[in-house]
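> sequence and predicted structure, then a few things I'm wondering about:
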Amino acid sequence: MKKRGALLLFLVLFSLILIQAAYPIYEESVYSGTVKDGQVVEISGKNFEFRVDSVSSKAMVSIDSSGIIIKSNECRIKDNFDVCIKNISFSHRDLAAYIDIYQAEVEVYLIKSNVDVKHTIDKSSILIDEEATVDFSVENTADVVAKDFIATVQIPNSIMVTGYEGCKKSIDSIVFKEDIQPKQIKKCTYKVKGLFGDEFDLTANASYFDGLETVSADSDPLSVKVYNHSLKISSELKKSKFDIDESSNLTINVENIN
C-alpha cells in the first residue's frame, strides 16, 4: 500500500514538473480587469471579444477571428497570448432584453521571445598575417519566434575577414539576419587576419522583436590586439667612408619587441 502511494505521489510530482517545463517563461501583463458578456476589448492591437457563460462556468474568448474556450480559474494560450479567466459572477440584468449579464475577471499576458547571444574568439592576440576564428551564436530560449533578429559586427581596417559561414559580409562588417524559431540555435563563424598593429573591440550590436517591442541584445565586447612584426632589425656601420681594400665592422641588431 505504501509503495502504491509513493508511486502515485511520484507521478503527480512528475506531471507538475512537465507542466511547469512546458509553460511559457517569458510573459508580460498586457491587460487586467473585469469584462462583461459580449464586451470587446482592444489588447495589444487585437480585438478580444468575451462571451461569459455562468452555467458551464466558462468563457469563450475570440481574438480577431479565432477563439478559445477557457474554464473559470484556468488559462489557455492563443496567438502568443496567455489568457486567464476567473471569478465568473453575476453583473446586472439587461432590462431591455430581460436577460442576466455575467462577468469574469480576466488577465492577459503576452508571451515574449528571449534570446541569448554569445560572441567568442579563439585568439585575442594575433600577429600581422596571423588568423583568428570568431564564433557568433544566438539561441531563442522562449516558446515564440524572435522576429527580425539582426546582429552587426563592425570590422576595423586593421584586420581583414578571410572567410565566413552562416552570415554575410558587407564592406566593413559581418551581418547576421534571420528569424530565430523557439528553442533554436543559429551560428555564424568568421575568420579575421591581422594587417597592422592595433587594439580594438569586436561587438555584435543586435536587436529583435520580442512580440511586444524591439529590444537590444548586444554581445559583450571582445578585446583584440594585433601585434606589429615581432622582430625589429637595425644595422650600424662604424665608418661612412672607406679607402680601397679597407675593411670595417657592420653590426646588425635584431630585437624582439613583443
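Sure, I can see it.

> ok, the residue lying closest to residue 148 once chain neighbours are set aside - contacts?
What sits nearest to residue 148 in space, not counting adjacent residues and going by CB to CB, 6 or more residues apart in numbering, is residue 209, at 4.9 Å. In this view, the C-beta of every residue, glycine as well, is placed from N, C-alpha and C. Contacts for residue 209 (CB atoms under 8 Å, 6 or more residues apart in numbering) come out as 113, 146, 147, 148, 215.

> could the residues you listed be laid out in CSV, adding neighbour count, pLDDT and distance to residue 120?
What follows is the contacts of residue 209, written out as CSV (neighbours: other CB atoms under 10 Å; pLDDT from 0 to 100; distance: CB to CB, whole Å):
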residue, neighbour count, pLDDT, distance to residue 120
113, 25, 90, 23
146, 27, 94, 21
147, 14, 94, 26
148, 13, 96, 24
215, 16, 94, 22
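
> inside strands: which ones of these?
Residues from the contacts of residue 209 lying in strands, with DSSP state E as the criterion: 146, 147, 148, 215.

> and which of these is nearest to residue 42?
Distance from residue 42 was checked for each of the ones in strands among the contacts of residue 209 by CB to CB. The minimum falls on residue 147, at 21.5 Å.

> tell me which stretches of the stretch 151-258 of the chain form helices.
Applying DSSP state H, counting those that start in this stretch to the stretch 151-258 of the chain gives no helices.

> low-confidence ranges in it?
For the stretch 151-258 of the chain, the stretches with pLDDT under 70 are 230-258.

> hmm, try it at 90
Under the criterion pLDDT under 90, the flagged ranges of the stretch 151-258 of the chain are 211-213, 228-258.

> in it, which spans are strands?
Along the stretch 151-258 of the chain, the segments classed as strands by DSSP state E, counting those that start in this stretch run 159-165, 168-169, 173-180, 185-194, 198-202, 204-209, 214-216, 222-227, 231-237, 250-256.

> among those strands, which comes closest to residue 61?
Each of those was scored for nearness to residue 61 using CB to CB, and the closest is strand 204-209 (24.2 Å).

> paired strands for that closest one, with orientation please.
Each strand paired with strand 204-209, and its direction, by DSSP bridges: strand 146-154 (antiparallel), strand 214-216 (antiparallel).

> now those strands as TSV including distance to residue 38?
Written out in TSV, the entries for these read as follows (distance: least, CB to CB, whole Å):
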stretch	distance to residue 38
strand 146-154	33
strand 214-216	35
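
> residue 79 is nearest to which of the ones you listed?
Smallest distance to residue 79 across the strands paired with strand 204-209 (CB to CB): 14.1 Å, for strand 146-154.

> send me the closest one as PDB with only the CA atoms.
The C-alpha coordinates for strand 146-154 follow below in PDB (Å, rounded to 0.1, in the frame of the first residue of the first chain):
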ATOM      1  CA  ALA A 146      12.200  36.000 -32.100                       C
ATOM      2  CA  LYS A 147      11.300  38.100 -35.200                       C
ATOM      3  CA  ASP A 148      13.600  40.300 -37.300                       C
ATOM      4  CA  PHE A 149      16.700  39.400 -35.400                       C
ATOM      5  CA  ILE A 150      19.700  41.200 -36.700                       C
ATOM      6  CA  ALA A 151      23.300  41.400 -35.500                       C
ATOM      7  CA  THR A 152      26.100  43.600 -37.000                       C
ATOM      8  CA  VAL A 153      29.800  43.400 -36.200                       C
ATOM      9  CA  GLN A 154      31.900  46.400 -37.300                       C
END
